[in-house]
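K.L.:
Sharing a model that was predicted from the sequence below.
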Amino acid sequence: MLPLVRFGKTELRVSRLALGGFPLGGVNRARGWDPFTGDGRKAAIGAVHAALDAGINYIDTAPSYGNGNSESVIGEALAGRRDSVVVATKVGHREMTKESVRESVASSLQRLRTDWIDVIQFHGGAYTLEDVRVILDDGLLEALRELRAEGKVRFLGFTTEEPWTALPLIVSGQFDVLQIRYNLIYQGAALHALDAASKADLGVIVMRPMTSGIFQRMAQFLAPRWQEAHDLYEVSLKFVLADSRVHVANVGMRWPEEIARNVALVNSFVPPFDMAKLPRFTAEIYRTEDEELPH
Ligand SMILES: NC(=O)c1ccc[n+]([C@@H]2O[C@H](COP(=O)([O-])OP(=O)(O)OC[C@H]3O[C@@H](n4cnc5c(N)ncnc54)[C@H](OP(=O)(O)O)[C@@H]3O)[C@@H](O)[C@H]2O)c1
């Protein structure tokens with residue numbers, strides 16, 4: 001069973017591996033995956049059950065994944081098991097009002113067949129300063145605070161692909177959870193956001209920890225021997241888990257074997273080094289090398 005860690009100031013106890021809900025919602029012909037058919041929906045529900053049975057207690061989804069289908073699959077899969085799972089979903093922030101935020105959360109609650117959402121996140125890519133102003137001052141955050149007071153959501157968060165654009169929201173003091181893109185090939189979070197997130201004691205969950213398969217595809221063309229020698233999915237997951245500022249890796253998974261493999265890896269992995277301490281600016285790299293030279 002997966003050990004649990006403290007998820008920042010939420011004080012939730014979460015597994016370091018989460019089930020990413022994106023694949024649960026939509027069709028992927030190359031993978032022979034269609035959760036809109038009867039058998040496909042059963043397979044998607046099976047993935048949720050396999051994850052819970054293996055000790056994963058965090059599931060991330062969004063209304064836009066399969067136009068509500070991911071939330072609906074998760075809602076059905078969690079029948080009788082809701083209490084033991086941290087359910088995180090999202091709400092848009094562009095062209096939204098206080099009322100439409102409330103409506104979106106109400107629809108998510110219905111599809112998820114639950115009375116509460118553990119983590120509600122503004123669903124973002126890159127935040128402009130105007131986005132930040134609208135979220136904080138034009139009623140969007142207020143809607144979530146009201147929903148929290150009503151017991152319909154427990155913790156407030158936001159998601160971001162571009163780490164530096166998230167800083168104003170991180171330091172606003174209004175959020176409990178940050179979901180951020182961070183992986184072997186997108187390391188902006190390491191430089192621009194994770195220290196601030198740790199200082200704010202946010203629960204930190206990483207999206208696209210396996211690079212969404214991009215690094216592996218690049219390696220296929222540029223360094224095919226790497227793939228013969230190593231499982232590059234394993235390397236990617238280890239990279240994220242080896243950063244002490246990251247609590248949870250949110251991995252998109254469909255198959256029980258894939259879930260079992262990632263769970264086994266999380267269970268057995270002892271980071272050889274804290275990636276948070278890896279020097280990433282040129283001057284830091286040179287300084288570290290100088291320090292390592294014998295005097
Ligand atoms: N803005 C946002 O809020 C945002 C944006 C993107 C993602 N997310 C969240 O983050 C989650 C993860 O992102 P993601 O799914 O794009 O990327 P990811 O987790 O980096 O990669 C998922 C891919 O990795 C493959 N995979 C996983 N474990 C594997 C293993 N052990 N061996 C081989 N392949 C393996 C999966 O293969 P299969 O296809 O074969 O299953 C899938 O194609 C999403 O599901 C979603 O919840 C949020």
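P.N.:
Perfect, thanks for sending it. None of these values were measured; they are calculated from a predicted model. Numbering: from 1, shown residues only.

K.L.:
use CA for all of it now, contacts and neighbours both
P.N.:
OK.

K.L.:
any idea how far R82 is from S107?
P.N.:
According to C-alpha to C-alpha, to the nearest Å, S107 stands 17 Å off from R82.

K.L.:
Pick out whichever of the two has more residues nearby.
P.N.:
Neighbours per residue (other C-alpha atoms under 10 Å) separate S107 from R82, with R82 holding more: 17 against 14.

K.L.:
Leaving out sequence neighbours, find the closest residue to that one.
P.N.:
Spatial nearest neighbour of R82, chain neighbours left out: T114 (7.7 Å); criterion: C-alpha to C-alpha, 6 or more residues apart in numbering.

K.L.:
That neighbour belongs to a strand?
P.N.:
No: applying DSSP: H, G, I helix; E, B strand; the rest coil, one finds T114 to be coil, outside a strand.

K.L.:
Wait, it touches A77, no?
P.N.:
No: between T114 and A77 there is no contact under C-alpha atoms under 8 Å: 11.6 Å.

K.L.:
For the lengthiest strand in the chain, which helices and strands make contact with it?
P.N.:
For the chain, the longest strand by residue count, based on DSSP state E, is strand 153-160. For strand 153-160, the elements it packs on are strand 117-122, helix 140-149, strand 177-181, judged by 3 or more C-alpha pairs under 8 Å, 6 or more residues apart in numbering; DSSP states H and E.

K.L.:
one more time with 10 Å, if that's ok
P.N.:
Secondary-structure packing of strand 153-160 (3 or more C-alpha pairs under 10 Å, 6 or more residues apart in numbering; DSSP states H and E): strand 86-91, strand 117-122, helix 140-149, helix 167-170, strand 177-181, strand 203-207.

K.L.:
Make TSV out of those and add mean pLDDT.
P.N.:
Shown next, in TSV, are the helices and strands packed on strand 153-160 (pLDDT from 0 to 100):
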stretch	mean pLDDT
strand 86-91	98
strand 117-122	99
helix 140-149	98
helix 167-170	98
strand 177-181	98
strand 203-207	99
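
K.L.:
Just tell me which of these ends up closest to L222.
P.N.:
strand 177-181 (23.3 Å; C-alpha to C-alpha).

K.L.:
so does that closest one get close to the ligand?
P.N.:
No: Strand 177-181 does not reach the ligand (C-alpha under 6 Å from any ligand atom); its nearest approach is 6.8 Å.

K.L.:
Tabulate the CA atom coordinates of the helix or strand that that strand is followed by in CSV.
P.N.:
Downstream of strand 177-181, the first helix or strand assigned by DSSP states H and E is helix 188-192. Extracted in CSV, the C-alpha atoms of helix 188-192 (Å, rounded to 0.1, in the frame of the first residue of the first chain):
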residue,chain,number,x,y,z
GLY,A,188,10.3,26.3,-15.1
ALA,A,189,8.5,25.3,-11.9
ALA,A,190,11.8,24.4,-10.3
LEU,A,191,13.1,27.9,-10.9
HIS,A,192,10.1,30.1,-10.6
